[in-house]
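*Asks:* After the sequence you'll find the predicted model.
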Number of protein chains: 2
Amino acid sequence: MVTITDIAKACGVSRATVSKALNGAPDIKAETVERIRECAKEMGYHPNAAARALKMGRSYNLGVLFSEPTGVGLTHEYFSRIFESIKAEAERLGYDITFISQNLGTMTMDYLEHTRYRSCDGVVIASADFHDPAVVRLGESDIPTVTLDYIFDSRTAILSDNIQGMEKLVRYVYEKGHRRIAFIHGELTSVTQKRLASFKKTCAALGIQVPPEYIREAAYHDPRSSALQTRALLELPNRPTCIFYPDDFSYIGGMNELERQGLQIPRQMSTVGYDGIHLSQVLRPKLTTYKQGAERMGAEAAKQLIEEIEHPDTWLPQQITVEGLLLEGGTVAEPG
Amino acid sequence: MVTITDIAKACGVSRATVSKALNGAPDIKAETVERIRECAKEMGYHPNAAARALKMGRSYNLGVLFSEPTGVGLTHEYFSRIFESIKAEAERLGYDITFISQNLGTMTMDYLEHTRYRSCDGVVIASADFHDPAVVRLGESDIPTVTLDYIFDSRTAILSDNIQGMEKLVRYVYEKGHRRIAFIHGELTSVTQKRLASFKKTCAALGIQVPPEYIREAAYHDPRSSALQTRALLELPNRPTCIFYPDDFSYIGGMNELERQGLQIPRQMSTVGYDGIHLSQVLRPKLTTYKQGAERMGAEAAKQLIEEIEHPDTWLPQQITVEGLLLEGGTVAEPG
DNA sequence: ATAATATACTAAATCGATTTAGAATACTGA
DNA sequence: TCAGTATTCTAAATCGATTTAGTATATTAT
């Protein structure tokens, strides 16, 4: 590897001068800077990240914490989209990404210790169990953090617009004429709770009565569970005309069950998903769903985190809500 | 952060002694080791990765290179499964993961330079354009690398058993009675070429004539493209009784097209996918497909790479083929 | 002409670990 | 008893960068 000493020798100056020239210090003559920069470029010099991190206490490395208990992880398209955009934005701004975990090899450490071990300048926390004491400890530390879809006090959070998204979906099917709307929601988390509350509130605002048997819980991301709840809804004396699913993937279970019972979508039953994953748009009919702004969320998370790292003096915690987009598919028709 | 100096002071020994005690050097008294270890644990000491990397030239950090031109990336379940298992195995063995890219911030560097910049001990190359000069340069460098689904000369490669997988699928539908089998393959890459060759070879071995119009190319991972090719196949005077799709996701396009034309799967048309993604097993009927051993591939890649890093003297390049599993769904019936 | 100030550079310390060479002490054998 | 050897520890160098304090030279002001 080419080091700063090599450049110094080649240019006939001291290592200090090279460092300053490359970092734009004001006390180096312009032509010297030019000469050193050129030489560095020619020799293919790049600073050694470890040496820099050691001396400066800055690693230009962001930690990413993905660790939900369910283990779906990056296999879930929503999270992989978020991750890809965190990565792209971080790289654009000169940062690398390292995954933060617990228990590295024989070392037992929690998330905070791992973060310090790698001198990460900050951490994006996503898809985590935010009540895990190790996650809380990280969120309460002096390390800059940005959370996704969850708010830690006095920290920046990037939020998907679950409330508005659900409201839009409800209003959409309402305008199509639906009044008997069922909602199969996922296990209650801070995210699904918001969606459920928004569902109820919007229905109330529209003057729709939602009988309690229309509100059902299914396992998140589990088509089988949604199929069961769909069956239960179909057995009701007063069937709904439209069913909301916890997420697009779970919808597949409902779709199968409806087909099994010979009910056509949307002629005999309207359906709505959530997430806007790729799959939902290649089904026939296309699923009407709400596509979360995952790309914007990831990019914003990286941007805000780096902003806090680089300008801690002017930084203020923010809650940024990222809008999604209602994807009008073909699974909602006027109730017959 | 607790440093080695803090431990040294607390224990009344030199920094050298602490370092040796923690790293199991033979010249420290057993009870001193004990005392230091205990103290380190109590004070929550963890070595600083940057300092270690700088001094030892070893970072305990693996690079991961995911960068195909199509941009599907981790959004593809196959790759996210591979990645998750690389990560899990690396962590089990004490290594972190960093993504390797080009052009970090204002720095322009290629993959090799990035790898050196972060002092990565080795790199797993997956889902990449293996003809990209920057990838080739990395593969030909002195950095340990392991490739997935591609072989660099004198390097370790982990391969999905595309040939055997395809053979199993062909034999499976053959035994179900199919003799008119069509294959929609993806764009020709080293992977799809193997599948295609294996398809042809197995058909030949079984004495099946495959008319050229049964072999069609579609875009990989693109249901629309597969739908078009399905339509073309259905318009043939001598329709096939079974259609092989490039991958499970593309199959959705074929499924839609078949349904649109009122053809029931599998009664009127049998179908086969490839990959065994989660989705394929929640469709009704379940898709008959070949699930690649992504988890084993990722784990093996990490293991082999670390083996090469830690024991370069006894290391030899290997080509390891990981078997998958034929998932018998309900999309193949005896031809009517 | 001399002091004061800018300008352009360098020497050396530093970050936190590892490692080499060597020192101090205890132990062994003749 | 004393050289030779083992045992257990330490001082100091080192990795590659940044940064502080300071030096040498040129420039300006009085």
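*Replies:* That came through fine. Numbering: from 1, shown residues only, chains lettered A, B, ... in the order given.

*Asks:* so where do the strands sit in chain A?
*Replies:* Counting by DSSP state E, chain A has strands at residues A:61-67, A:96-99, A:122-128, A:145-148, A:156-160, A:181-185, A:215-217, A:242-244, A:270-272, A:289-291, A:319-322, A:325-327.

*Asks:* The last one pairs with which strands?
*Replies:* This means strand A:325-327. Paired with strand A:325-327 in the same sheet, following DSSP bridges, are strand A:289-291 (antiparallel).

*Asks:* returning to that earlier point: quick one: closest of the strands of chain A to DNA strand D.
*Replies:* strand A:61-67 (14.8 Å; CB to the nearest atom of the strand). From N, CA and C alone the C-beta is placed, and that goes for glycine too.

*Asks:* Give me the number of neighbouring residues for the nearest residue to A:K87 once chain neighbours are set aside.
*Replies:* Sequence neighbours aside, A:I97 is the residue nearest to A:K87 in space, at 5.3 Å (criterion: CB to CB, 6 or more residues apart in numbering or on different chains). If you count neighbours by other CB atoms under 10 Å in any protein chain shown, A:I97 ends up with 21.

*Asks:* so who does A:I97 touch?
*Replies:* Contact analysis of A:I97 by CB atoms under 8 Å, 6 or more residues apart in numbering or on different chains lists A:N61, A:L62, A:G63, A:V64, A:I86, A:K87, A:A90, A:E91, B:T98, B:F99.

*Asks:* Next, work out how far apart the third one and chain B are.
*Replies:* A:G63 sits 10 Å away from chain B, taking CB to the nearest CB, to the nearest Å as the criterion.

*Asks:* Is it correct that that residue is in contact with A:S119?
*Replies:* No - contact status for A:G63 versus A:S119: not in contact, 9.8 Å apart, counting by CB atoms under 8 Å.

*Asks:* For stretch A:225-245, C-alpha coordinates in CSV please.
*Replies:* Listed in CSV are the C-alpha atoms of stretch A:225-245, where the atom choice follows Å, rounded to 0.1, in the frame of the first residue of the first chain:
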residue,chain,number,x,y,z
SER,A,225,-52.5,-16.8,9.0
SER,A,226,-54.3,-14.3,6.8
ALA,A,227,-56.0,-17.2,4.9
LEU,A,228,-57.5,-18.3,8.2
GLN,A,229,-58.7,-14.8,9.1
THR,A,230,-60.1,-14.5,5.6
ARG,A,231,-62.1,-17.6,6.1
ALA,A,232,-63.4,-16.4,9.4
LEU,A,233,-64.6,-13.2,7.8
LEU,A,234,-66.3,-15.1,5.0
GLU,A,235,-68.3,-17.1,7.6
LEU,A,236,-69.7,-14.0,9.2
PRO,A,237,-73.5,-13.5,8.7
ASN,A,238,-72.8,-10.0,7.4
ARG,A,239,-69.7,-10.4,5.3
PRO,A,240,-67.5,-7.4,4.5
THR,A,241,-67.3,-6.2,1.0
CYS,A,242,-63.6,-5.3,1.3
ILE,A,243,-60.8,-6.8,3.2
PHE,A,244,-57.6,-5.0,4.3
TYR,A,245,-54.5,-7.2,4.7
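
*Asks:* measure the closest residue to DNA strand D within the stretch 201-336 of chain A to chain B for me?
*Replies:* Minimum separation of the stretch 201-336 of chain A from DNA strand D (CB to the nearest atom of the strand) falls at A:E310, amounting to 13.2 Å. Between A:E310 and chain B the distance is 12 Å, computed by CB to the nearest CB.

*Asks:* count of neighbours near that residue?
*Replies:* 14.

*Asks:* related to what we said a few turns ago, can you pick out the most distant pair from the contacts of A:I97?
*Replies:* A:G63 and A:E91 (14.9 Å; CB to CB).

*Asks:* quick one: which of the two has more around it?
*Replies:* Between A:G63 and A:E91, counted using other CB under 10 Å, A:G63 has the larger neighbour count: 26 against 19.

*Asks:* Now for the more buried one: which residues touch it?
*Replies:* A:G63 neighbours (CB under 8 Å, 6+ apart): A:I97, A:T98, A:F99, A:I100, A:H114, A:T115, A:R118, A:C120, A:G122, A:V123, A:V124.

*Asks:* Of these, just the buried ones, PyMOL syntax please.
*Replies:* To isolate the buried members of the contacts of A:G63 in PyMOL, using 16 or more other CB atoms under 10 Å in any protein chain shown:
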select buried, chain A and resi 97+98+99+100+114+115+118+120+122+123+124
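
*Asks:* got the residues of the stretch 51-200 of chain A near DNA strand D?
*Replies:* A:A51, A:R52, A:L54, A:K55, A:M56 (CB under 7 Å from any atom of the strand).

*Asks:* Most neighbours among those, which one?
*Replies:* A:L54 (19 neighbours).

*Asks:* so what's the closest residue to that residue other than its chain neighbours scoring on pLDDT?
*Replies:* Nearest residue to A:L54, sequence neighbours excluded (CB to CB, 6+ apart): B:A50, at 4.4 Å. pLDDT recorded at B:A50 is 97.

*Asks:* how many neighbours does B:A50 have?
*Replies:* B:A50 has 25 nearby residues by other CB under 10 Å.

*Asks:* Could you pull out the buried residues of stretch A:283-300?
*Replies:* Within stretch A:283-300, the residues scored as buried using 16+ other CB under 10 Å are A:283-284, A:287-300.

*Asks:* Identify those among those that sit within helices.
*Replies:* A:A294, A:E295, A:R296, A:M297, A:G298, A:A299, A:E300 (DSSP state H).

*Asks:* which of the buried residues of stretch A:283-300 sit farthest apart?
*Replies:* A:R284 and A:E300, at 33.9 Å, using CB to CB across the buried residues of stretch A:283-300.

*Asks:* Wait, A:L263 touches A:S270, no?
*Replies:* No - A:L263 is not in contact with A:S270 according to CB under 8 Å; the separation is 10.6 Å.

*Asks:* What residues does the stretch 201-336 of chain A have near chain B?
*Replies:* Residues of the stretch 201-336 of chain A lying close to chain B by CB under 8 Å from any CB of the partner chain are A:223-224, A:249, A:252-253, A:256, A:259-260, A:278-279, A:282-284.

*Asks:* swap the cut-off to 10 Å and go again
*Replies:* Residues of the stretch 201-336 of chain A found near chain B (CB under 10 Å from any CB of the partner chain) are A:221-224, A:226-227, A:249-250, A:252-253, A:255-257, A:259-260, A:277-279, A:281-285.

*Asks:* which sections of chain A are below the confidence cut-off?
*Replies:* A:69-71 (pLDDT under 70).

*Asks:* got the domain boundaries for it?
*Replies:* Domain assignment for chain A, taken from automatic domain parsing, gives A:4-47, A:61-159+A:295-324, A:162-291.

*Asks:* Quick one: closest of the ones you listed to DNA strand C.
*Replies:* domain A:4-47 (3.2 Å).

*Asks:* Wondering if stretch A:126-141 reaches chain B at all.
*Replies:* No - Stretch A:126-141 lies apart from chain B when judged by CB under 10 Å from any CB; the minimum separation is 11.7 Å.
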